[in-house]
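S.K.: what's the 3D shape of this:
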Amino acid sequence: MTILFSVGPSVHAQKAKKDKMDGDANGETKNTDKLVKSGIIVGKVMNVYEDKRRLRIQVSIPTTKINPGAGTQIAQAQQQMLQAQLAMRNARDPNSSLQARQQLMQANAQMMKAQAQMYQTEMVSQELEVQAIDDVIVRLANPKEEFDEKGRIKKYSKAELKELRGDGKLPGYKAEFSDIQGEQVVRVTTVRKKGEPTMTKTAPTPKKKKGKDDEDPPAVDGLADKLLQVSLIEILREAPLNK
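M.R.: Have a look, this model is predicted:
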C-alpha cells in the first residue's frame, strides 16, 4: 500500500488564499472610493441636463446685515435718556421727578428694542450645479397622479401604494431621473469620497503684473472646479401648473 504525504498547501488552498488576497486588495480599493454623506440641500430646479445627469438648483442662503434704521433709533434713545437723567437731577417736585423717571424708562425700552433689531436676516438666492452619481436614487414625496376614465384623480389601494413605494427604507415613492423637471422643489443628499474634505476649494491663481489694458480676472467660486455629487434626489413639490 502506498501512502502519499502532502507537502505544502494544496492547489485549492493556494487558489483560495490568492482569491482572498485579491479580495482584500479589491476591498481596499473599494473603501478608498466609498462615498459618504456630506450634506443636504433644498432648492428649486432651474435646469435639468438629462444627458449629463446634472441639475442646476436655486438655493436660498441666509445672510445677516446691519439695520441702518436701528442705529438711528439707538442714537435717539441715548439722547432721550440723557435728557431724562438731566430732568431728574433738576426736578423740584415729586411730579417732575416721576415724569423724568417715566421718560427714562421709555427711552431705555426704546434702546433695548432698537438693539434687538440691530441685525436683520435676508435670504439671498444662489444657483449651483450638482452631479448625480451613476446609481442615483430618485424619489417622489407623493405618488404620481393618475386619472380614471372619468378624468378623476385615481385613489390608490394600500397594495398599490406599497408597490409604488418599493423599498420601505427609502423616503417617498419610486421615480426616475426623467421625472425631474424645472420649477420643482427638490431635496438632494450630497456625497463625497471618504477622507475627502467637504468643500474643495479652487487653488489660488498666481499673481502677475497687470498691463495697462489688462482687467482683473473674474472671481472663481470655491466649488466651481468640482461639482457636488448627489446620491439621492427627492422631489418634494411639483412645478406650478401656471408657470
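S.K.: so residue 239 sits against residue 181, correct?
M.R.: Yes. With the criterion set as C-beta atoms under 8 Å, residue 239 and residue 181 qualify as a contacting pair; they are 5.5 Å apart. (C-beta placed from N, C-alpha, C; glycine too.)
S.K.: where in this protein is pLDDT low?
M.R.: Within the chain, the stretches with pLDDT under 70 are 1-33, 198-226, 242-243.
S.K.: and the strand ranked longest in the chain, what does it pack against?
M.R.: When secondary structure is assigned using DSSP state E, the longest strand within the chain turns out to be strand 119-140. Under the contact criterion of 3 or more C-beta pairs under 8 Å, 6 or more residues apart in numbering; DSSP states H and E, the helices and strands touching strand 119-140 comprise strand 35-49, strand 54-66, strand 173-174, strand 185-193, strand 228-237.
S.K.: for the fourth one, buried residues please.
M.R.: Translated: strand 185-193. 185-192 (16 or more other C-beta atoms under 10 Å).
S.K.: just to revisit the earlier point, who wins for proximity to residue 121 among the helices and strands packed on strand 119-140?
M.R.: Taking C-beta to C-beta as the criterion, strand 54-66 is the member of the helices and strands packed on strand 119-140 that comes nearest to residue 121, at 5.2 Å.
S.K.: how far does the helix or strand following that closest one sit from the chain's center?
M.R.: Downstream of strand 54-66, the first helix or strand assigned by DSSP states H and E is helix 68-90. Mean C-alpha position of helix 68-90 versus that of the full chain (C-alpha atoms, centre = their mean, to the nearest Å) differs by 44 Å.
S.K.: repeat that for stretch 116-130.
M.R.: Per C-alpha atoms, centre = their mean, the centroid offset for stretch 116-130 relative to its chain is 13 Å.
S.K.: same deal with stretch 137-154?
M.R.: Relative to the centre of its chain, stretch 137-154 is centred 28 Å away, using C-alpha atoms, centre = their mean.
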